[in-house]
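>>> the amino acid sequence is not available; the structure is as follows:
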Ligand SMILES: [Zn+2]
């Protein structure tokens, strides 16, 4: 799915609508994000195999990975914000801060590789974490968008995945004033629990339709 000709952003409902006027469920959107992360992980794995085989230099590999990560976080921030047309100065700014953080972390990792103490398996495992961070960018950007939209006043974290750390299940499912819960990435699993945020308006009683517990 791409936010473009076939989908447009409904700012009142804070959701995508397809060409037939049917809203795209948050569940479907998250499934698409997971798929994208798997695709990028594949690309990154292949690049890393070439590094290990010696057909890519560390410099070439790092440049290629950096580009993958930059594209990934940028694409996910744009999708989370409702498409390119919704991107304004503040949203680009937040993306830039995020990118800066991720790329700096990655460059430090490259320095570690340069020291030659990491095995191929360690490099591969670690680089996958950088890809997984895309989930954090998506979910936290959705939350920032909701805070900014000012429609909903409460949020809760919802567990995803199947293997959970000790903290995410403890703090999931509890409604709290919007913007007060721990952002994704601030629990021991980082993002491995694949949690996301849901929102509601306590005054109108309206709640995001996709609660992740829908029967279908
Ligand atoms: Zn967790």
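Alright, I've got the coordinates. Since we're looking at a predicted model, the values are computed, not measured.
>>> quick check: buried residues in stretch 184-203?
Buried residues in stretch 184-203, counted by 16 or more other C-beta atoms under 10 Å: 184-185, 187, 189, 191-200. (Each C-beta comes from the backbone N, C-alpha and C, glycine too.)
>>> and the ion, which of the residues you listed reach it?
187, 189, 193 (C-beta under 5 Å from the ion).
>>> tell me which residues touch the second one, please.
To tie it back to what came earlier, the one meant is residue 189. If you count contacts by C-beta atoms under 8 Å, 6 or more residues apart in numbering, residue 189 has them with 164, 165, 167, 168.
>>> and the pLDDT for the closest residue in space to the last one that isn't next to it in sequence?
Right, the one you point to is residue 168. Among residues not flanking residue 168 along the chain, residue 193 sits closest, at 4.0 Å (C-beta to C-beta, 6 or more residues apart in numbering). Listed pLDDT for residue 193 reads 91.
>>> likewise residue 4?
For residue 4, the predicted pLDDT is 50.
>>> got the contact list for the residue nearest to residue 168?
159, 160, 161, 163, 164, 165, 168, 169, 187.
>>> if you set the cut-off to 7 Å instead, what comes out?
159, 160, 161, 164, 165, 168, 187 (C-beta atoms under 7 Å, 6 or more residues apart in numbering).
>>> burial count for the third one?
The local packing count at residue 161 equals 15, with neighbours defined by other C-beta atoms under 10 Å.
>>> how about the residue nearest to it when sequence neighbours are not counted, secondary structure?
Using C-beta to C-beta, 6+ apart and skipping residues adjacent in sequence, the residue nearest residue 161 is residue 194, 3.9 Å away. Look at residue 194: counting by DSSP: H, G, I helix; E, B strand; the rest coil, its state is coil.
>>> contacts only, for residue 194.
135, 160, 161.
>>> from these, which shows the smallest pLDDT?
Lowest pLDDT among the contacts of residue 194: residue 161, 83.
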